[in-house]
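Enquirer: Predicted structure and sequence below. I'll ask about it afterward.
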Amino acid sequence: MTEEEAPTSYERGKLPKTIIDKWVAMSFRVFTSLMSTDEPQMMVSVPQLISTMAFLLGNCDFDRTKGLRDEFTDAFHKPITCIQTKELVESTCEFLKRWNYSLMLSSRPGHVLNVQRAMVHPEFTKTYSYHTMKNLGQFEVELNIFDGVREVNDWLARFIKIKFRDRGFFQLWRDDSIVSRGRAYTKKKQQFMNTLKTTVEEANASDSTYEMKVPVLCWASHAIVAIPPDIIDTKRIYFVNDVECLKMKTSGAKRLEVTTSDNDWKTFIVPTASNGLLLHFIYDMDACKQVTLEKLERTALKFGGSCPTLVCKTFTETTHEEIYIPTWNFEQMNSLNIGSHFAACFDMNAIFYLGGFGDLAPEDASPSCASQSGQLSNIQHFDVLSILNAPESSAHGAGERETKKDSHGTTAPTHGTRKESPELHVVSGEQTEVVSSPYVIMLWDTVSATPVYFARISSTTKNQSKEVKERKKLREKCIVM
């Protein structure tokens, strides 16, 4: 793009492709940073990442957002001005609304839902300026006073159809930090005040009320996609090497198409019930960091259609009729500390200093990206990708588990709570293919030719499940008073 074509101004809601590509590239950079964590299951929504970055760009003081603005210098051929920043934020907001509406239509009979909240602790509410309220409104961010974990879970259940659980998805303040009214209020407040430190430095050191002053930005989303029943086995969960797997059938009318690419990994492309979305399972790579956005987009634009497609490193004559994919379970997931990865990927440290959130927080409060263990992060995401007609995991079923012989003569469990853990022994290279772990998932929007979700899944066996539970206990200790 020449200097004359630089987007000095553009029609509202119609971002140039160079700007959209820049937002997507920035989102993928955050996902790449997230892959370096030890989370066994991790998912991010590209629209939600763009929404968070644009919200910060519009809400925080101009001088604080230099790191984000510098990302667009190449597109504008010079540092963008305050007016250009405002146009960029407003047009990005309108673009996201149009894109999310398009995704809602193309995902049917499933859905793609997004919600946003600025969670405020009841002890530190304040008044807000017109600019702040306008920014909250245009990004559809609900300004909410924290009323306990149960209310937050109810909010997620209502708006993005996430089932309720006792433990919170987001890492927030403890319920007993909420002060009520009446005699209990007076007694509790006195006990509460006795625990406070006299200086900000002491408060920071003990993780006390200083972390309550700044709202927590909670962005959540849930994409449910439906896979045609002639492709996915909707009745049973299978076990391969003691790992729960979904079975994709690649015979019959929608027979598996096999092709090659210059990628250093395999890609299994699964069509959904809608022509607008495709699921890409990327696996058999030396490391997840090898995956690049350029190659993912090139593969998505070149391959995929109404039939399952296996993109290999080298072409081989294959008669694969069944492909097994390790399952994932959102109930084992927690919110992601997006703030720390923003700070790692972009020059955004100025936001995480005193007054970094602008009018959204008190002047004497400093947002946290939770760089130290035990701190509360003020920017969190909880994104879930699930399959509408997938069989229920054995962890949630009820009743006894039956076993049946499959086409290979091995036993495979059907839906329900299993009493035993029979393994489905798969002979590699014959009629089966197993997606190796860890693997990456990309939900691709064929209408806009843009990735919608990224995920990194590392399956766990029974022997590893104890280690996962121990890590969960350590995370729960990070919830601050």
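Expert: In hand now; what should we look at?

Enquirer: so where's the chain shaky on pLDDT?
Expert: Applying pLDDT under 70 to the chain flags the ranges 1-13, 164-166, 176-210, 251-253, 287-289, 315-319, 371-374, 393-430, 460-481.

Enquirer: Report the residue ranges of every domain in it.
Expert: 3-223+333-387, 226-330+397-471 (automatic domain parsing).

Enquirer: can you list the ones you listed in JSON lines and add mean neighbour count?
Expert: For every residue, glycine as well, the C-beta is placed using N, CA and C. Formatted as JSON lines, the entries for these read as follows, by neighbours: other CB atoms under 10 Å:
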{"stretch": "domain 3-223+333-387", "mean neighbour count": "18"}
{"stretch": "domain 226-330+397-471", "mean neighbour count": "17"}
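
Enquirer: Let me know the secondary structure of residue 114.
Expert: What DSSP: H, G, I helix; E, B strand; the rest coil gives for residue 114 is strand.

Enquirer: With residue 455 as the reference, measure out to the residue nearest to it when sequence neighbours are not counted.
Expert: Nearest-residue entry for residue 114: residue 221, 4.5 Å, with adjacent residues in sequence omitted and distances by CB to CB, 6 or more residues apart in numbering. Taking CB to CB, to the nearest Å as the measure, residue 221 and residue 455 are separated by 12 Å.

Enquirer: sorry, back to before: tell me if I'm right that the residue nearest to residue 114 and residue 384 touch.
Expert: Yes. With contact defined as CB atoms under 8 Å, residue 221 and residue 384 form a contacting pair (7.1 Å).

Enquirer: Quick check: neighbours shared by these two?
Expert: Overlap between the neighbourhoods of residue 221 and residue 384 consists of residue 160, taking contacts as CB atoms under 8 Å, 6 or more residues apart in numbering.

Enquirer: May I ask which helix or strand encompasses residue 103?
Expert: Here residue 103, judged by DSSP states H and E, is contained in helix 82-106.

Enquirer: what's next to that helix, contact-wise?
Expert: Under the contact criterion CB under 8 Å, 6+ apart, helix 82-106 has outside partners 8-15, 19-20, 23, 47, 50-51, 54, 57-58, 62, 65, 69, 72, 76, 80, 111-114, 138-139, 223, 274-277, 445, 447-448, 450, 452.

Enquirer: related to what we said a few turns ago, please name the bridge partners of the residue nearest to residue 114.
Expert: The residues paired with residue 221 through beta bridges, assigned by DSSP bridges, are residue 114, residue 383.

Enquirer: For it, give its distance to residue 59.
Expert: 20 Å.

Enquirer: The residue nearest to residue 233 when sequence neighbours are not counted: what secondary structure?
Expert: Spatial nearest neighbour of residue 233, chain neighbours left out: residue 247 (4.1 Å); criterion: CB to CB, 6+ apart. The assignment at residue 247 comes out as strand when based on three-state DSSP.

Enquirer: any idea how far residue 432 is from residue 247?
Expert: Relative to residue 432, residue 247 is positioned 9 Å away (CB to CB).

Enquirer: Over to residue 324?
Expert: Here the distance between residue 324 and residue 432 works out to 7 Å (CB to CB).

Enquirer: swap in residue 91?
Expert: From residue 91 over to residue 432 (counting by CB to CB), the distance is 48 Å.
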